[in-house]
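# Requesting a structural model of the entry that follows:
(chains A, B, C and D)
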There are 4 protein chains.
Amino acid sequence: MYRLGGSHVLPVSGVDNPELLAAAADLPLPSRHVPRGGEAWLGRRELRPAGTEVRIGPATIGDGSVAVIAGPCAVETPEQMLATAAVVAEHGAVALRGGVFKPRTSPHSFQGLGFTGLELLVEARKRTGLPFVTEVVDPEHVKRLAEVVDGFQIGARNMQNFALLSAVGQSGLPVVLKRGFGCTVEETLAAGEYLLLEGNDQVVLCERGIRTFEPSARFTLDLTAVALWKQRTHLPVIVDPSHSGGRPELVEPLSLAAVAAGADALLIDVHVQPEQALCDGNQAIRPARFAGLMTRLAATAAGLGRTLQRY
Amino acid sequence: MYRLGGSHVLPVSGVDNPELLAAAADLPLPSRHVPRGGEAWLGRRELRPAGTEVRIGPATIGDGSVAVIAGPCAVETPEQMLATAAVVAEHGAVALRGGVFKPRTSPHSFQGLGFTGLELLVEARKRTGLPFVTEVVDPEHVKRLAEVVDGFQIGARNMQNFALLSAVGQSGLPVVLKRGFGCTVEETLAAGEYLLLEGNDQVVLCERGIRTFEPSARFTLDLTAVALWKQRTHLPVIVDPSHSGGRPELVEPLSLAAVAAGADALLIDVHVQPEQALCDGNQAIRPARFAGLMTRLAATAAGLGRTLQRY
Amino acid sequence: MYRLGGSHVLPVSGVDNPELLAAAADLPLPSRHVPRGGEAWLGRRELRPAGTEVRIGPATIGDGSVAVIAGPCAVETPEQMLATAAVVAEHGAVALRGGVFKPRTSPHSFQGLGFTGLELLVEARKRTGLPFVTEVVDPEHVKRLAEVVDGFQIGARNMQNFALLSAVGQSGLPVVLKRGFGCTVEETLAAGEYLLLEGNDQVVLCERGIRTFEPSARFTLDLTAVALWKQRTHLPVIVDPSHSGGRPELVEPLSLAAVAAGADALLIDVHVQPEQALCDGNQAIRPARFAGLMTRLAATAAGLGRTLQRY
Amino acid sequence: MYRLGGSHVLPVSGVDNPELLAAAADLPLPSRHVPRGGEAWLGRRELRPAGTEVRIGPATIGDGSVAVIAGPCAVETPEQMLATAAVVAEHGAVALRGGVFKPRTSPHSFQGLGFTGLELLVEARKRTGLPFVTEVVDPEHVKRLAEVVDGFQIGARNMQNFALLSAVGQSGLPVVLKRGFGCTVEETLAAGEYLLLEGNDQVVLCERGIRTFEPSARFTLDLTAVALWKQRTHLPVIVDPSHSGGRPELVEPLSLAAVAAGADALLIDVHVQPEQALCDGNQAIRPARFAGLMTRLAATAAGLGRTLQRY
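Alright, predicted model coming up:
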């Protein structure tokens, strides 16, 4: 694996996206102290001006269209998972989301169903035809999960868990990399480098809100970050309005704004019975609201000269 | 003037928007300690579910359309002011902006042309037919300015300068009230109350970015605030992407996102020669970029089912 | 009055601290764009390596000792003001504090007794022999207040109210300038320049907590700012642990820490009956706790090689 | 291992600090949703009003005295490590610090010497008699490291890496748990619960600065957090003024302030040649400054009625 401080030669064995590395080889090497405003190196925009397309099963993110990944925050029961999957598929989501390993602030909170829950995601995929992504929290889980999942999600609390980044990068599977809520635009690009250095360019950066003094919403969605990433990196960008706002009534305005700022995709919490959710239920939207959101998204995308992908 | 702690009777003498106060009179009185999440009282949405329309000269903000106020950050020279005004008028702005009193962090910086600069704004209005708004920083200036200006702007640093708020409220003229960069969504609503209590409902709340740990842009634009204000208050909302991002290349994505989040209007810095600006020139966009922005805005507004006002 | 952009000559008429300006005249002039890390100009440390002593009536701040200014947040009743004054005098405070004009977030909150309350401060001074400082919020009040008060306080919300800064600077009276809760270390130095430029060097910078994502306390006390100011400016520094922490049990540890970080003085909210306070009562400490604090402060100051001033 | 959602019975097998769990068993069980302001459960103060003493080799943290752990940020060369260790031992540090696995924002930065560097720490311990702590970044490293180290450090970026917390908790070794720079006071307590639930009560919470808008220092040291932790948990508290301030001249004032706020210990970066450091060298202090700091700390501790431990 490539590491500065040694021979400084690119490309290196173990890195298997030759196109990207060949382009990088023609550019000046990064210095030991990466200049401020320049944490993207393999990820920087000029290496691939047209942008990188990330393929999650049959879905594509980063081709100029708008894509929606939706599902429950946490996989809880067969009824909840399968009903939610059916609904989001019906209204056009291109992939499912659902957590089975939940990194919770307190060990006294529901931690997810673990590998048991994975079976429900597999069943939902089978019934809807939609691929799914799920969060991974432990490097030791990567290989076992990689046999089943269509893509990984790395959560905000693990954005700088470099052991996890390396393990996921080596899987070669697509990754939704969430920005840490206390991390900068440039640090997120640097975290993406850990994945790219493993030869994995199937990386989607995710803005999901940062910590600020403002208490009215759970986090402050930073759409300036979306605009900056679209200018600085070739990696596509997804926005999570559900965890950011923490309120169902904020999902639609933040989703439309995210797409207008340039986001390639959205990650939406949907739950058929939010009031019974074991995890973050108060931010999930119901099926009817999800249907309305997709209609508004299609019209807004059209106004921007883009198309909403529909499964 | 109305003050809690006395008779608790609404409406009161000196308050001259009887419609608003009559509606308020039918609702429960605010308690001494306004509950969190409830700083809007005269400004709360349920008093005027259809929203308030603010009229700045012939222009209207808050009628469902999208309006653009544009001009230089600071009025500097006749050539700069008149050329910029002509350009923004040509491309559809409905009002001019331009500062003659600049509240600068350091007393060693350019402080604006003062009342002399006002004449240039008057001349620009005469030539273009566009009304103008300008910032007021001293309660003692209010009366003299009120004889000439079409609307006031209260800057972020003065959002909680309550002596200034009262003086401006009493003028009866429309006001663009900028959110303090360290102030919350609810504190901005509370500052608006100072204006409303003077019987002046011609108030536009302005989101212009808040202070966060993120160094990549000058401020972090908080579009969640826009969505929340549209739900909580009947006052229209304007967004300033120029001061927030601090970079010309961020103006377009942030403008489109602001409109998608629900903003009624935008406040845009335009300069015919940004490299010669005496104040914040590095954030102003040039005429050609402004023209492109207006075209993109019109299409995005259409996708949202709205119309871009054009003069 | 001195303004850059004109003749660039120092000193200038109207500035009456010739010592300070003469020292400044020997140093390179500030450029139009003050470099980051350099907002102090007339206030910079090297002009007066020994520091500036500020005299509030018979009390001195900035001579190396530790001084305490104490009293109620707001002046409310004769009993409350006079009893609190007697208590803080008994335990060694060198000056009184008490607000009669309260800049409140909402116009629906108690706004202070105004000039009526001033009489109670005068009476408290007469009985205890302690000078007092009080907050000023309107430039028009400065002259009338200046006839009576021993020193002004400029609140956090008005730190960048430049009209107020100039008016207070011209009074020549000592000023406690509170840092805005969304303002930086350097911006506070720049605000101090507005006072210094009026020829008034009797300025004490006040750290009173900044806005951060941390919800456990009202504000996050920034003692790094205290250390930086002591290195960068000759102006003395005071810390307000009461408004920062917002809880009585935080006053002592934050006070001791402030002095250890280098603060010259403390500003403490004391109330004889906090549960009946009309304003911020839940942060005030009772007399017994104040007495204990003074004892602990004296011992800590001794450990630091300093002395607690006692009236 | 104990997990809520199951039998809800305390104590449970696998948890081997019976004293702590027995005390917990007499208190009401935590509800599924831990109330805000109450993330400490096994760690809450009332379980052990006298506080927990943490033993790192022969050193003790949390017995009321003040202890200093010092050494280089990263282990680099034999000369650097051994010379620095000798110096800090000479001036009274009770334990060494030194990183061999460095979690770096960018994969293009120096990542530490890995297990090779560990040998230098062992040699330094042998020569000075001081125990050492070192950072662990990967759950897979825990067992191998546990055979050699005296204590672990969990870095700010890994505070919510729950797989790592569990693995380290199971080692039974003492842990310095650094607060995430975007994490709250309560979230840090909750992270400590992950360690306590493994039956490991040898946990020291570390304040090392949080992310705020203030750019003058690397982070904003939050000493309010120290005061709150001392009131809410029985775990001892350490402060890292070196990483927080990011400047040598801030180490002393922040160290003294931390102790005055109630910290039990300090974690100080010392380097014999900071200008040659491969990692964060610009924040390390030189030996002479360290010696002066220890002298000042001893006097300040005495003023607080405490004693500086000296090896």
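# Would you enumerate the residues in contact with A:Pro236?
A:51-54, A:61-62, A:204-205, A:264-265 (C-beta atoms under 8 Å, 6 or more residues apart in numbering or on different chains). (Glycine included, C-beta is placed from N, CA and C.)
# One more pass at 6 Å, please.
A:54, A:61-62, A:204, A:264 (C-beta atoms under 6 Å, 6 or more residues apart in numbering or on different chains).
# Find the nearest non-adjacent residue to it, please.
A:Gly62 (3.2 Å; C-beta to C-beta, 6 or more residues apart in numbering or on different chains).
# Now do the contacts for the one you found.
A:51-54, A:236, A:264.
# same thing but at 10 Å, please
A:Gly62 is in contact with A:50-55, A:202-204, A:234-238, A:264-265, counting by C-beta atoms under 10 Å, 6 or more residues apart in numbering or on different chains.
# again with A:Ala227
Counting by C-beta under 10 Å, 6+ apart, A:Ala227 has contacts A:185, A:237, A:261-263, B:216-217, B:221, B:241, B:245, B:247, B:249-254, B:256-257.
# Check the offset of the longest helix along chain A from the chain's centre.
Using DSSP state H to define each element, chain A has its longest helix at helix A:287-303. On the basis of C-alpha atoms, centre = their mean, to the nearest Å, the separation between the geometric centre of helix A:287-303 and that of its chain is 20 Å.
# What residues of that helix count as buried?
Residues A:287, A:289-290, A:293-294, A:296-298, A:300-303 are the ones in helix A:287-303 that count as buried (16 or more other C-beta atoms under 10 Å in any protein chain shown).
# And for A:Gly245, nearest residue in space, chain neighbours not counted?
Counting by C-beta to C-beta, 6+ apart, A:Gly245 lies nearest to A:Ala217, which is 5.0 Å off, once chain neighbours are set aside.
# element containing the one you found?
In the assignment (DSSP states H and E), A:Ala217 maps to no helix and no strand.
# cool, and A:Ala225?
helix A:223-232.
# I'd like the mean pLDDT over that helix, please.
What helix A:223-232 shows for mean pLDDT is 98.
# circling back to that earlier point, any idea how far the residue nearest to A:Pro236 is from B:Leu256?
Look at A:Gly62 and B:Leu256: by C-beta to C-beta, to the nearest Å, they are 19 Å apart.
# any idea of the mean pLDDT for whichever helix or strand comes after the helix holding A:Ala225?
Of the helices and strands lying after helix A:223-232 in sequence (DSSP H and E), the nearest is strand A:237-239. The average pLDDT for strand A:237-239 rounds to 98.
# quick one: strand A:237-239 to chain centroid distance?
For strand A:237-239, the distance from its own C-alpha centre to the chain's C-alpha centre is 6 Å (C-alpha atoms, centre = their mean).
# Let me know the next secondary structure element after it.
helix A:241-245.
# quick one: buried residues of that next one?
Result for helix A:241-245 [16+ other C-beta under 10 Å]: buried residues A:241-245.
# again, but for stretch A:115-135
Using 16+ other C-beta under 10 Å as the test for burial, stretch A:115-135 gives A:117-118, A:120-121, A:124-125, A:128, A:130-135.
# Over to stretch A:187-196?
Those would be A:187-196, for stretch A:187-196 by 16+ other C-beta under 10 Å.
# Kindly report the same for stretch A:246-255.
A:246-248, A:250-255.
# That one close to chain C?
No: judged by C-beta under 10 Å from any C-beta of the partner chain, stretch A:246-255 stays clear of chain C, getting no closer than 14.0 Å.
# how far is that stretch from where the chain is centred?
18 Å.
# And the host helix or strand of A:Arg144, what does it pack against?
In the assignment (DSSP H and E), A:Arg144 maps to helix A:142-146. Applying 3 or more C-beta pairs under 10 Å, 6 or more residues apart in numbering or on different chains; DSSP states H and E, one finds that helix A:142-146 contacts helix A:115-128, strand A:151-154, helix A:162-171.
# Give me the mean pLDDT for the longest one.
Mean pLDDT, taken over the full extent of helix A:115-128, equals 97.
# Could you do the last one as well?
In this model, helix A:162-171 has an average pLDDT of 97.
# Output the contacting helices and strands for that helix.
Contacts defined by 3+ C-beta pairs under 10 Å, 6+ apart place helix A:162-171 against helix A:142-146, strand A:151-154, strand A:175-178, helix A:185-196, helix D:162-171.
# Could you list the paired strands of the second one along with their orientation?
Strand pairing for strand A:151-154, using DSSP bridges, gives strand A:132-135 (parallel), strand A:175-178 (parallel).
# got the buried residues for it?
For strand A:151-154, by 16+ other C-beta under 10 Å, it's A:151-154.
# if I pick the residue in chain A that chain D sits nearest to, what's in contact with it?
Proximity of chain A to chain D (C-beta to the nearest C-beta) peaks at A:Gly182, 1.5 Å away. With contact set as C-beta under 10 Å, 6+ apart, A:Gly182 has these partners: A:156-157, A:159-160, A:210-211, B:213, C:213, D:156-157, D:180-183, D:210-211.
# would it count as being in a strand?
No: read with DSSP: H, G, I helix; E, B strand; the rest coil, A:Gly182 is coil and lies in no strand.
# Look up the closest residue to the residue of the stretch 51-200 of chain A found nearest chain C, ignoring the ones flanking it.
The stretch 51-200 of chain A approaches chain C most closely through A:Gly182 (7.8 Å), counting by C-beta to the nearest C-beta. Distances taken as C-beta to C-beta, 6+ apart place D:Gly182 nearest to A:Gly182, at 1.5 Å, with adjacent residues excluded.
# what do you get for A:Ala40?
Using C-beta to C-beta, 6+ apart, the closest residue to A:Ala40 is A:Leu189 (4.0 Å).
# Same question for A:Gly305.
Setting aside the residues directly before and after it, A:Gly305 is nearest to B:Ala299 in space (C-beta to C-beta, 6+ apart), at 7.0 Å.
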